[in-house]
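Student: sharing a model that was predicted from the sequence below.
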Amino acid sequence: MKKFILVLFLAINLQAYYCYAPTLPICLQSYGSFDYSFCKIQTENYLRELNDYYDCILKETQKELEELAEQINKAKQNAIEVFNCKASGNCR
């Protein structure tokens, strides 16, 4: 049971860190016979997957921006601390 929970947890987390672009349905790529119902289902699924891909990219981009903002804020704080230290003459 513990292994199942761990595998499930890892699978969910791995999905959160990888965005993949869906592939165009075969029925829209080929020049063979056209099955309306089958192609309609494939196309609807493809459109949903494109929306999921877009949402995933937005989430990943937001995470990266938040991490970058945190790094920038730390760099600013460090620069202020070093400046204040040097200005007060208490640095080595």
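Tutor: Noted; the coordinates are in hand.
Student: so what pLDDT did Cys91 get?
Tutor: At Cys91, the model reports a pLDDT of 82.
Student: so where's this structure shaky on pLDDT?
Tutor: Applying pLDDT under 70 to the chain picks out residues 1-17.
Student: mind naming the longest helix for the protein?
Tutor: helix 36-88 (DSSP state H).
Student: just checking, what packs against it?
Tutor: The helices and strands touching helix 36-88, judged by 3 or more CB pairs under 8 Å, 6 or more residues apart in numbering; DSSP states H and E, are helix 26-29. For glycine as for every other residue, the C-beta is placed from the backbone atoms N, C-alpha and C.
Student: ok, residues contacting the helix it packs on?
Tutor: Contact with helix 26-29 is made by 34-35, 38-39, 42-43, 46, as judged by CB atoms under 8 Å, 6 or more residues apart in numbering.
Student: now list the buried members of these.
Tutor: Among the contacts of helix 26-29, the ones that count as buried by 16 or more other CB atoms under 10 Å are 42, 46.
Student: centroid residue for the chain?
Tutor: Residue closest to the average C-alpha location in the chain (CA atoms, centre = their mean): Glu60, at 2.7 Å.
Student: disregarding flanking residues, what is the spatial nearest neighbour of that residue?
Tutor: Closest residue to Glu60 apart from its sequence neighbours, by CB to CB, 6 or more residues apart in numbering: Cys19 at 5.8 Å.
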